[in-house]
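3D, please:
(one chain, ligands or ions: 1)
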Amino acid sequence: MSTTPQSPPPKTLTLTSSTLFLNACNSLSDLSPQNPLPHSFNLLSRHSPLPPIPPNFPQSNLIPKTLFVVDAFRSSGDFSVSYLLSHFHADHYAGLGPNWSRGMIFCSAITARLLVESLKVSPLFVSPLPLNQTVQIDGCEVTLVDANHCPRCRPVPVQGERYVHSGDFRFCDSMKTDPAIVDFVGADGVFLDTTYCNPKFVFPSQDESMRYIVETVERIRDEKEGLGKSVLFLVATYVVGKERILVEIARQCNCLVYVDGRKMEILRALGFGDCGVFTEDASASNVHVIGWNLLGETWPYFRPNFVKMKEIMAERGYSKAVGFVPTGWMYETKRDGFSVRTKDSCEIHLVPYSEHSSYDELREYVKFLRPKRVIPTVGLDVGKLDSKHAVAMQKHFSGLVDEMAIKHEFLMGFHQMTLETDEKDGGLVLMLVQMRK
Ligand SMILES: [Zn+2]
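So this is what the prediction gives:
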């Protein structure tokens, strides 16, 4: 027996979706009585059960044996009032807007702020969760961990069984030592961001790509300044994401980065307001952030828009323009990594900078977690786990998942079924159920 005094267990935040949801609906009808409330509100108010989850509901968006729906607001319904949002990218929050009242949205504080400020979702239905801290929701333990993708989170619900939902993510070595993630080695399932789940997807690390941009800026700046030319550097970005590139350019090239008022608003919401990197004064810097498609279309292959680029250069009073387009993966960047397009006094550098994991990184992540199964979340028809495409993707991880555990689980389930149907031995069944936990 240990004689060390036991410190009380740390208090865990405990939340119940249905209670939060009923409160939110009640407040909403106080504020705007004309707003119709969803049927799930009527059912829960009468303590009636919610309807079952429809059989065709995409399995890649549902945590097994729970009512947690992840990144699938378009498929929402009266069957659940517990929704998880992994991060603020349009393909994940699609279906959310000012009229959302279907259920509670659990997400990181940053994502919560963007939902309310940018999408005008009613704050009544948004429930921000802390990062790296386990929270009890509906009897499941949920932990959000940074996924190195964009200012975002990764929900990890648990209930006897343990699941890692990776949202969109870029694997990096530090994840292997993150205690919250290490806890999930041998999980029952990993929902995997399979955007680049094919051996043809090979791209440099984010650090290599960063170095390329910084070195290019410094080299051109030194060359052209000697010739008395004024150079404008343009960095194309989405609404949210790739902020790290901008911060590193500012830090390593010792300059400010110009953004317009709209981008500044987003950056403030993301917590970059006071970092001393961004300015809304165009004359204070020759590194300017511009909208994603202004330097050219990127899909299905890159087509530069030198006309637009020249226009921007002339408008802002420069004699040379150098653009950077940080792309995920493109055929152009495959052969020699970084490719450059030039016309007159304009040049565009295509920089492979992915916020999704490469094929090798996906395999390394799965090998490290050694889960019982991989559940692909990106790709054709992945909602059905037995679809041709999903099965083909899972094959990339055979040998890395714990196949023995699945066989063992299957035999245990079989054994349990026999006991339940033949002997009705309650005691034994209970023991087996505990063992399975
Ligand atoms: Zn994303």
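
where do the helices sit along the stretch 301-437 of the chain?
Secondary structure of the stretch 301-437 of the chain by DSSP state H, counting those that start in this stretch: the helices cover 306-315, 331-336, 359-369, 388-395, 403-418, 426-436.

Mind telling me which of those helices the model trusts least?
Note on those: helix 426-436 shows the lowest mean pLDDT, a mean of 21.

Which parts of the chain belong to which domain?
Domain assignment of the chain by automatic domain parsing yields the ranges 13-197+359-401, 206-352, 409-437.

where does the stretch 201-350 of the chain dip in pLDDT?
226, 228, 329-337 (pLDDT under 70).

Of all residues in it, which one is closest to the ion?
G241 (7.1 Å; CB to the ion). For glycine as for every other residue, the C-beta is placed from the backbone atoms N, C-alpha and C.

Strands along the stretch 1-150 of the chain, start to end?
With strands called from DSSP state E, counting those that start in this stretch, the stretch 1-150 of the chain shows them at 13-15, 68-70, 82-84, 104-108, 126-129, 135-137, 140-144.

Any chance of CSV for those, columns mean pLDDT, distance to the ion and mean neighbour count?
Rendered in CSV, the data for the strands of the stretch 1-150 of the chain read as follows (pLDDT from 0 to 100; distance: least, CB to the ion, whole Å; neighbours: other CB atoms under 10 Å):
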stretch, mean pLDDT, distance to the ion, mean neighbour count
strand 13-15, 93, 25, 13
strand 68-70, 94, 13, 24
strand 82-84, 96, 14, 26
strand 104-108, 95, 13, 25
strand 126-129, 96, 18, 20
strand 135-137, 91, 23, 18
strand 140-144, 88, 15, 22
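
rewinding a little: ok, and which of the domains of the chain has the densest surroundings?
Highest mean neighbour count of those: domain 13-197+359-401, a mean of 19 (counted as mean count of other CB atoms under 10 Å).

Return the distance of it from the chain's centre.
Here domain 13-197+359-401 is found 10 Å from its chain centre; the criterion is CA atoms, centre = their mean, to the nearest Å.

how long is it from one end to the other?
In domain 13-197+359-401, first residue to last residue: 32 Å (CA to CA, to the nearest Å).

quick one on the thing from earlier: any chance of the strands of the stretch 1-150 of the chain in JSON lines, plus distance to D281?
As requested, those are arranged in JSON lines below (distance: least, CB to CB, whole Å):
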{"stretch": "strand 13-15", "distance to D281": "42"}
{"stretch": "strand 68-70", "distance to D281": "41"}
{"stretch": "strand 82-84", "distance to D281": "40"}
{"stretch": "strand 104-108", "distance to D281": "31"}
{"stretch": "strand 126-129", "distance to D281": "33"}
{"stretch": "strand 135-137", "distance to D281": "42"}
{"stretch": "strand 140-144", "distance to D281": "36"}
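
The residue in the stretch 301-437 of the chain that the ion sits nearest to: neighbouring residues, count only.
Per CB to the ion, E355 is where the stretch 301-437 of the chain lies closest to the ion, at 6.7 Å. Counted by other CB atoms under 10 Å, the residues lying close to E355 total 23.

need the residues of the stretch 151-300 of the chain near the ion, please.
D168 (CB under 5 Å from the ion).

What is the longest helix along the chain packed up against?
The longest helix of the chain (DSSP state H) is helix 206-226. For helix 206-226, the packing partners by 3 or more CB pairs under 8 Å, 6 or more residues apart in numbering; DSSP states H and E come out as strand 231-237, helix 243-253, strand 320-327, strand 346-352.

residues in contact with G261?
G261 sits next to E280 when contact means CB atoms under 8 Å, 6 or more residues apart in numbering.

sorry, back to before: dump the helices and strands packed on helix 206-226 to a markdown table, plus distance to R303.
Compiled in a markdown table, these are given as follows (distance: least, CB to CB, whole Å):
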| stretch | distance to R303 |
| --- | --- |
| strand 231-237 | 13 |
| helix 243-253 | 22 |
| strand 320-327 | 11 |
| strand 346-352 | 11 |
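
give me the low-pLDDT residue ranges for the stretch 51-200 of the chain?
150-160.

50 instead?
Along the stretch 51-200 of the chain, the model assigns pLDDT under 50 to residues 152-155, 158.

Okay, helices next: where are they in it?
Assigned helices in the stretch 51-200 of the chain, in chain order: 90-93, 109-117, 179-182 (criterion: DSSP H, counting those that start in this stretch).

How far does stretch 59-78 stretch from one end to the other?
First-to-last residue span, stretch 59-78, CA to CA: 17 Å.

got it, and stretch 93-100?
Taking CA to CA, stretch 93-100 runs 11 Å from one end to the other.

And stretch 132-146, by the same measure?
Across stretch 132-146, first to last residue, CA to CA, it's 8 Å.

mind starting the numbering at 26 from now?
Yes, from this point I'll number from 26; that puts the last item at stretch 157-171.

circling back to that earlier point, quick check: the residue of the stretch 226-375 of the chain closest to the ion vs I162, distance?
27 Å (CB to CB, to the nearest Å).

middle-most residue in the chain, spatially?
D193 (3.6 Å; CA atoms, centre = their mean).

Test my guess that that one contacts H114.
Yes - D193 is within contact range of H114, at 6.7 Å (criterion: CB atoms under 8 Å).

which residues does the residue nearest to the centre of the chain contact?
With CB under 8 Å, 6+ apart, D193 has these contacts: 111-112, 114, 117, 172, 174-175, 177, 218, 220, 380-381, 403.

For the ion, what is the nearest residue in the stretch 176-325 of the chain?
D193 (3.5 Å).

Compute the distance between that residue and T219, please.
D193 is 10 Å from T219, by CB to CB.
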